[in-house]
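A.B. asks: everything below, folded, please.
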Amino acid sequence: MNRPSRGPTLVAVGVLLVVATLAVGATTAPDVAVGSSDGSATLVGSQGGGTGWHEQGSAYLVENGSVQWVEDSADSYFDVTRLDDGDVLVGFMDSGYAEGCGESEPPCTQTGFRVIDPDADGGPAVVDEYAFPVRSSQNSETHDVELLATGEYLVSDMEHERIFTVRNGTVTWQWNASGFYDAPPDPTRRDWLHVNDVDALNATHYLVSVRNSNQILLIERDAGVVEVINADRGTDDGACQLRDGQLADFDGDGEIRCGDPSVMDHQHNPQWLGNGTVLVADSGNDRIVELRRVDGRWEPAWTLTAANGVPLHWPRDADRLDNGNTLVTDTLNNRIFEVGANGSVVWSMQTPDWSPIAYEAERLPEGERTSGPAYPAETVGPASGSVPLFSTLLVGLHSVAPGTPFWVGEGHLAVVLLGVLTATAGCVDWYRRRR
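C.D. replies: Numbers count the residues shown, from 1 in each chain. From the prediction side, this is the model:
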């Protein structure tokens, strides 16, 4: 006699695991809305939502806990800066251009920067734009732009892996990463370096984030690279090559220029604090870190790994504010928060469902400064304990479903997958015994 099928039991156990895990996670999750921003306004650039985060982009202003205005005519918005006249400068990407497509067939994708007038008649409106065509809407976007005292716009360009200045639509100066890093035959055909941020420290020196090499460069306008934060020590080539094949030994000399990923891994939006200190959104390590120059080398000092009991997940911006606190954009937790040096949250908000994937936030009226107080050296929050496989799966889940609740972590994902596999095994067993 055949024994009874275990299928129904396995299905029930699997479903129970999934339901119980999600129910417990939702009921025990901390409240993201914490405290008050004391009436201060926060400007947000949102990459958006949708599959791959390449739609539903927006730039918006939050004040007293509510959204005051929104401009959402681009697929994605990135770095945001309020100009002296009240307009907002923002990097963007948008598809559907019928003209100016270069070698691409229309409709095409273009990237660059826009100027938004939030007080225009009829609501916020784009009043100026500089854009150029790119091969893809992914990993080719202009993430950062700022207006210089010369009237030029300083731009980071991930398509051609360069930084450049432009005035009245004409490029006036540029630095190409291929003069410092070994380049592939055509940088526009792969996500090679991902140059994602540039800040002017003074009239001649720019701080540049080269994400895929885990490095920040100090570039002098007429002299090139003058300092490397997280310099290549010749021991990190393997770790850099493992990340989606972004870096490779293109010239065959056996070396790859990249930094130690335990110091900084796929970073975003560094802020120069002065006195040999830089504040970095260390995205790949799921933390905010202050790097300090010690005996000629840059080392982690103060680090933030969690806030309000929730571990950080792919944070992409951190600004040291005039009040001494730090404003953090915790991208894949769909939140923006402000913390003190001891990690205590003084203000926090959840990003809106209609544009959940925030890229950068800027507190008004100060904006991001090129100076600020350093914190005492310590680690705030639990030590990072991510599991590579589930960490990658969690990033993929947020890419496919940007509205995934912030509290869904690697542990939840592991138990849910176990439940799904258990239920699937039950269905298979049940089916086989019914044949």
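
A.B. asks: and the helices in this protein?
C.D. replies: In the chain, the helices defined using DSSP state H lie at 7-28, 237-241, 388-400, 410-434.

A.B. asks: from the contact counts, what lies against the first one?
C.D. replies: Right, the one you point to is helix 7-28. helix 410-434 (3 or more C-beta pairs under 8 Å, 6 or more residues apart in numbering; DSSP states H and E). Backbone N, C-alpha and C define where each C-beta goes, glycine included.

A.B. asks: average model confidence for the helix it packs on?
C.D. replies: For helix 410-434, mean pLDDT is 76.

A.B. asks: do stretch 332-343 as well
C.D. replies: Mean predicted confidence for stretch 332-343 is 94.

A.B. asks: look up how far I357 lies from the residue nearest the centre of the chain.
C.D. replies: The centroid of the chain falls nearest to R316 when counting by C-alpha atoms, centre = their mean (3.5 Å). Applying C-beta to C-beta, to the nearest Å, the value for R316 to I357 is 9 Å.

A.B. asks: same check, this time on G48
C.D. replies: According to C-beta to C-beta, G48 stands 6 Å off from I357.

A.B. asks: before we move on, what about V428?
C.D. replies: From V428 to I357 the distance is 37 Å (C-beta to C-beta).

A.B. asks: which of the two has more residues huddled nearby?
C.D. replies: Neighbours were counted for V428 and for I357 using other C-beta atoms under 10 Å; I357 has more, 25 against 12.

A.B. asks: who touches both of G48 and I357?
C.D. replies: P402 (C-beta atoms under 8 Å, 6 or more residues apart in numbering).

A.B. asks: surely T9 and G426 touch.
C.D. replies: Yes: T9 is within contact range of G426, at 6.9 Å (criterion: C-beta atoms under 8 Å).

A.B. asks: out of these two, which sits in the more crowded spot?
C.D. replies: Legend: neighbour count by other C-beta under 10 Å for T9 and G426, higher for G426 (21 against 14).

A.B. asks: spatially nearest residue to the residue nearest to the centre of the chain (excluding sequence neighbours)?
C.D. replies: Leaving out its chain neighbours, the residue that sits closest to R316 by C-beta to C-beta, 6 or more residues apart in numbering is H268, at 4.1 Å.

A.B. asks: that neighbour: neighbour count?
C.D. replies: Applying other C-beta under 10 Å, I find that H268 has 27 neighbouring residues.

A.B. asks: what about E103, how many neighbours?
C.D. replies: E103: 7 neighbours (other C-beta under 10 Å).

A.B. asks: where's the spatially closest residue to it that is not a sequence neighbour relative to G381, distance?
C.D. replies: Excluding the flanking residues, the one nearest E103 by C-beta to C-beta, 6+ apart is P133, at 7.8 Å. As defined by C-beta to C-beta, P133 lies at a distance of 42 Å from G381.

A.B. asks: what do you get for A341?
C.D. replies: 13 Å.

A.B. asks: can you give me the end-to-end span of stretch 302-315?
C.D. replies: 16 Å (C-alpha to C-alpha, to the nearest Å).

A.B. asks: quick check: A183 touching R189?
C.D. replies: No: with contact defined as C-beta under 8 Å, A183 does not reach R189; the gap is 11.4 Å.

A.B. asks: so for those two, which sits in the more crowded spot?
C.D. replies: A183 (16 against 10).

A.B. asks: what's the more buried one in contact with, if anything?
C.D. replies: Applying C-beta under 8 Å, 6+ apart, the residues near A183 are E161, A177, W192, F250.

A.B. asks: name only those of the residues you listed that count as buried.
C.D. replies: Among the contacts of A183, those buried by neighbour count (16 or more other C-beta atoms under 10 Å) are E161, A177, W192.

A.B. asks: picking up where we left off before, ok, the contacts of A183 vs V44, which is closest?
C.D. replies: Nearest to V44 among these, counting by C-beta to C-beta, is E161 at 26.9 Å.

A.B. asks: is it true that that closest one touches S178?
C.D. replies: Yes: checked against C-beta under 8 Å, the pair E161 and S178 is within contact range at 6.8 Å.

A.B. asks: common neighbours of those two, please.
C.D. replies: With C-beta under 8 Å, 6+ apart as the test, E161 and S178 both reach P187.

A.B. asks: show me where the stretch 151-300 of the chain has its strands.
C.D. replies: 153-157, 162-167, 170-176, 195-200, 205-210, 215-220, 224-229, 268-272, 277-282, 287-294, 297-304 (DSSP state E, counting those that start in this stretch).

A.B. asks: any chance of CSV for the ones you listed, columns mean pLDDT and distance to H143?
C.D. replies: Formatted as CSV, the strands of the stretch 151-300 of the chain follow (pLDDT from 0 to 100; distance: least, C-beta to C-beta, whole Å):
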stretch, mean pLDDT, distance to H143
strand 153-157, 98, 6
strand 162-167, 98, 11
strand 170-176, 98, 16
strand 195-200, 98, 4
strand 205-210, 98, 9
strand 215-220, 98, 14
strand 224-229, 96, 18
strand 268-272, 98, 8
strand 277-282, 98, 12
strand 287-294, 96, 18
strand 297-304, 95, 22
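
A.B. asks: could you export those strands as TSV, including distance to D75?
C.D. replies: Listed next are the strands of the stretch 151-300 of the chain as TSV, based on distance: least, C-beta to C-beta, whole Å:
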stretch	distance to D75
strand 153-157	18
strand 162-167	22
strand 170-176	24
strand 195-200	17
strand 205-210	22
strand 215-220	28
strand 224-229	32
strand 268-272	19
strand 277-282	22
strand 287-294	28
strand 297-304	31
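
A.B. asks: out of those, nearest to G39?
C.D. replies: Nearest to G39, of the strands of the stretch 151-300 of the chain and by C-beta to C-beta, is strand 268-272 at 23.6 Å.

A.B. asks: returning to that earlier point: pretty sure the residue nearest to E103 sits against G100.
C.D. replies: Yes: P133 lies in contact with G100 (C-beta under 8 Å); the separation is 6.3 Å.

A.B. asks: okay, now the unreliable bits of the stretch 101-250 of the chain?
C.D. replies: The stretch 101-250 of the chain contains residues with pLDDT under 70 at 235-245.

A.B. asks: swap in 80 and give it another go.
C.D. replies: 233-245 (pLDDT under 80).

A.B. asks: circling back: need the residues touching each of R316 and I357.
C.D. replies: Common contact partners of R316 and I357 (C-beta under 8 Å, 6+ apart): T331.

A.B. asks: if I look at the residue nearest to V44 when sequence neighbours are not counted, how far off is T42?
C.D. replies: Leaving aside its chain neighbours, V44 sits nearest to A361 (5.0 Å; criterion: C-beta to C-beta, 6+ apart). Distance of A361 to T42, computed by C-beta to C-beta: 5 Å.

A.B. asks: between these two, which one's more packed in?
C.D. replies: More crowded of A361 and T42, by other C-beta under 10 Å: A361, with 27 against 20.
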